[in-house]
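Peer 1: How does the following fold in three dimensions:
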Amino acid sequence: MMNFATESETKRPLTVGHILLLLLFSCAANAQSILLLGPQRGLIQSHLHVNPAFTPQEQFTLSIPPLLPPFPSPGFGFSVSSNAFALSDVIKPGANGQTLIDTKTWLDNVRPMNTLSAAVQADLLSAGFRLNDRHFFSLNISNRAKINWDYSGDMIELLLKGNGSEGILGEEISPYIHLQGVHYTDIGLGYSTALNDGRLKAGMRLRYLIGQEHVQTRKSEFNLFTDAADFAIKGDADIRIQTAGLHNGILQGDRELLSSAYLFGTGNRGGGIDAGVTYRINDKLELAAAVRDLGFIRWKNDVRTYSSKEPGASVEFQGIDLIDYSDEPITVEEVFDQLTDSLLARFELSEDNKAYTSMLNVKSTFSLAYSINEKQSACLIINNTHYDRRIHPDISISYSYAPKEWLKTSVAWSYIDRTAGNIGIFLAVQPGVFQWYLCSDNVLGVFFYDRYEGIPAPAYARHASLRAGFNLTLGKSSSAQ
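Peer 2: Next comes the predicted model:
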């Protein structure tokens, strides 16, 4: 059990709310969105996860469980991004095994709008077959989980400094929070074709989606005022939160996560499409563009939607009584139970079990590749995630070098989620028909970490990502040769 404590001068009404924020951050510490896959045109994972117009050089490619540990599936990827802080900035070791929160550093780094984003992906099966130089077909089955959490700076200030702090006491604020998380199985059929003597390539992937869990705040509008006389919070709210698959087993850990019934039989079904093109301007330059995750899931199983009974109705919240905990750490469970019960008692919510539809977060990718010579190339990639009515751009500039036919390397600088200084690497080793690959958009975040309650987590970087796997390849296309 993880215990949190803060310095005594930071203990004010509601300051324990930061526990819930860090709990959400720890839940979001797994992700997958690797920019450095983009320049790797000869890797089937680039075809599956970047642009369906990209095709591997081999006639046949199969992703299977690797021959060497530690990778548990044909391909596995994770990343996590925070544009406000790294874990080591705000979490400090304390006495008696406690974890201390550096609230001052957190507040110094907070922005008017802050983002935590994460995803994790396991490729269960990936296969590609080239019929000839013009036609390429693919099949993939993967399991994906993603979470995005946007929150305003004044909400963090309220939770960390308390409602009696300067700038909040006697003032009206409108804190903002938007949470979206989804977990689903993705089955895709892809096709790519070459046109105009190979100068133009177009690809498309049709996807069948099976949802496991989902949570999303459709509305989270708050107007809060702290009374200077008694520190009571007065305000109004309009809340609507949709959830699916969270109550009947997953929160209690009762699900068999690798069972076929869980991965393929939940009854939450949807579809999607990816599309992409490439155009070779000349022997040196190639343009590429793709749109991914144009899709939806219809949630029918274990659905619960919570909405304000009286949107905009005025309420008053006196806070949580922390006197009993003043001399000892507060557990996550104790705080969560007290805060949830108290808030729900004030903001009356109704519950219904009607099915609903959620959309995936659309991504668009644009790239320009430059071939220096047969062994060297450079690439510029711009990746946009369309989320919460805003565009979140990432940019990467990479240099690739293949000193041997069986060895390919890349190094990249990336600007990710409004953070610079991300240095990434890619390595692929292919002795014969066996191909191992590994890439990261930020090496510092992957290989320099701390353990929290025994669990390794990226501690010294705001972004961390890693993707690795194993492919079995056979034959070379005549165009590649």
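Peer 1: lowest-confidence helix or strand of this protein?
Peer 2: Ranked by mean pLDDT, DSSP states H and E, the weakest helix or strand in the chain is strand 3-5, scoring a mean of 36.
Peer 1: Residue 309 against residue 348, yeah?
Peer 2: Yes. Using C-beta atoms under 8 Å, residue 309 is in contact with residue 348, at 4.4 Å. In short, each C-beta sits where N, CA and C put it, glycine included.
Peer 1: Next, name the residue at the spatial heart of the protein.
Peer 2: residue 118 (2.1 Å; C-alpha atoms, centre = their mean).
Peer 1: Show me what the helix or strand that that one is a member of is packed against.
Peer 2: Following DSSP states H and E, one finds residue 118 within strand 113-130. For strand 113-130, the elements it packs on are helix 44-49, strand 58-63, strand 75-82, strand 135-152, helix 153-161, judged by 3 or more C-beta pairs under 8 Å, 6 or more residues apart in numbering; DSSP states H and E.
Peer 1: Apply 7 Å and report the result again.
Peer 2: Under the contact criterion of 3 or more C-beta pairs under 7 Å, 6 or more residues apart in numbering; DSSP states H and E, strand 113-130 touches helix 44-49, strand 58-63, strand 75-82, strand 135-152.
Peer 1: Please find the angle between the direction vectors of the third one and strand 58-63.
Peer 2: What separates the directions of strand 75-82 and strand 58-63 is an angle of 70 degrees, with axes from the mean of the first three to the mean of the last three C-alpha atoms, to 10 degrees.
Peer 1: Partner strands of strand 75-82, with direction?
Peer 2: strand 113-130 (antiparallel), strand 463-476 (antiparallel) (DSSP bridges).
Peer 1: Just the mean pLDDT for stretch 279-286, thanks.
Peer 2: Averaging pLDDT along stretch 279-286 gives 95.
Peer 1: Please identify the buried residues of that stretch?
Peer 2: 279-280, 286 (16 or more other C-beta atoms under 10 Å).
Peer 1: Dump the helix or strand hosting residue 104 to PDB, restricted to CA.
Peer 2: Using DSSP H and E, residue 104 maps to helix 103-109. The C-alpha coordinates for helix 103-109 follow below in PDB (Å, rounded to 0.1, in the frame of the first residue of the first chain):
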ATOM      1  CA  THR A 103       3.900  20.600  -3.800                       C
ATOM      2  CA  LYS A 104       6.000  23.700  -4.300                       C
ATOM      3  CA  THR A 105       7.800  22.200  -7.300                       C
ATOM      4  CA  TRP A 106       4.600  20.900  -8.700                       C
ATOM      5  CA  LEU A 107       2.900  24.400  -8.500                       C
ATOM      6  CA  ASP A 108       6.000  26.100 -10.000                       C
ATOM      7  CA  ASN A 109       5.800  23.800 -13.000                       C
END
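Peer 1: So which bits of it are buried?
Peer 2: The neighbour-count check on helix 103-109 (16+ other C-beta under 10 Å) flags 103, 106-107, 109 as buried.
Peer 1: can you check stretch 407-415 too?
Peer 2: 408, 410, 412-415.
Peer 1: So what touches that stretch?
Peer 2: Residues from elsewhere that reach stretch 407-415, judged by C-beta atoms under 7 Å, 6 or more residues apart in numbering: 35-36, 39, 394-402, 422-429, 441.
Peer 1: How about stretch 356-369?
Peer 2: 38-39, 50-51, 182, 214, 216, 242, 272, 285-299, 303, 305, 377, 379-387.
Peer 1: where do the strands sit along the stretch 251-400 of the chain?
Peer 2: Using DSSP state E, counting those that start in this stretch, the strands of the stretch 251-400 of the chain run over residues 268-280, 285-299, 303-308, 314-317, 330-331, 349-352, 356-359, 363-371, 376-387, 390-404.
Peer 1: can you pull the contacts of the closest residue to residue 219 other than its chain neighbours?
Peer 2: Closest residue to residue 219 apart from its sequence neighbours, by C-beta to C-beta, 6 or more residues apart in numbering: residue 240 at 4.0 Å. By C-beta under 7 Å, 6+ apart, the contact set of residue 240 is 218-219, 307.
Peer 1: One more pass at 10 Å, please.
Peer 2: 216-221, 305-308, 311, 349-350 (C-beta atoms under 10 Å, 6 or more residues apart in numbering).
Peer 1: which residues does residue 352 bridge with?
Peer 2: Counting by DSSP bridges, residue 352 forms beta bridges with residue 305.
Peer 1: For it, give me the pLDDT.
Peer 2: Per-residue pLDDT puts residue 352 at 90.
Peer 1: Same question for the one 5 residues further on.
Peer 2: Looking at residue 357, its pLDDT is 96.
Peer 1: Could you report the distance from it to residue 225?
Peer 2: As for residue 357, its distance to residue 225 is 36 Å (criterion: C-beta to C-beta, to the nearest Å).
Peer 1: So which of those two has more stuff around it?
Peer 2: residue 225 (19 against 10; other C-beta atoms under 10 Å).
Peer 1: got a list of what that one touches?
Peer 2: So residue 225 contacts 163, 168-173, 232-236, 314, 316 (C-beta under 10 Å, 6+ apart).
Peer 1: Only the buried subset of these, as a ChimeraX command please.
Peer 2: Buried residues among these (16+ other C-beta under 10 Å), as a ChimeraX selection:
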select :163,168,173,233,235,236
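Peer 1: Adjacent strands (with direction) for the host helix or strand of residue 242?
Peer 2: Per DSSP H and E: residue 242 is located in strand 233-244. Partner strands and pairing direction for strand 233-244 (DSSP bridges) are strand 200-226 (antiparallel), strand 303-308 (antiparallel), strand 314-317 (antiparallel).
Peer 1: Can you list the buried residues in the strand holding residue 118?
Peer 2: In strand 113-130, counting by 16+ other C-beta under 10 Å, buried: 113-128, 130.
Peer 1: Then stretch 259-279?
Peer 2: Buried residues in stretch 259-279 (16+ other C-beta under 10 Å): 262-263, 266, 268-270, 272, 274-279.
Peer 1: first vs last residue of that stretch, how far apart are they?
Peer 2: End-to-end distance of stretch 259-279 (C-alpha to C-alpha, to the nearest Å): 43 Å.
Peer 1: Please state the offset of that stretch from the chain centre?
Peer 2: 17 Å (C-alpha atoms, centre = their mean, to the nearest Å).
Peer 1: what does stretch 278-286 give?
Peer 2: 32 Å.
Peer 1: which residues make contact with it from outside it?
Peer 2: Contacts for stretch 278-286 (C-beta under 10 Å, 6+ apart): 41, 51, 53-55, 192, 194-203, 287-290, 367-373, 377, 379.
Peer 1: Find residues that contact each of residue 309 and residue 348.
Peer 2: residue 239.
Peer 1: Need the nearest residue in space to residue 199, chain neighbours excluded.
Peer 2: In space, residue 199 is closest to residue 280, 4.7 Å off (C-beta to C-beta, 6+ apart).
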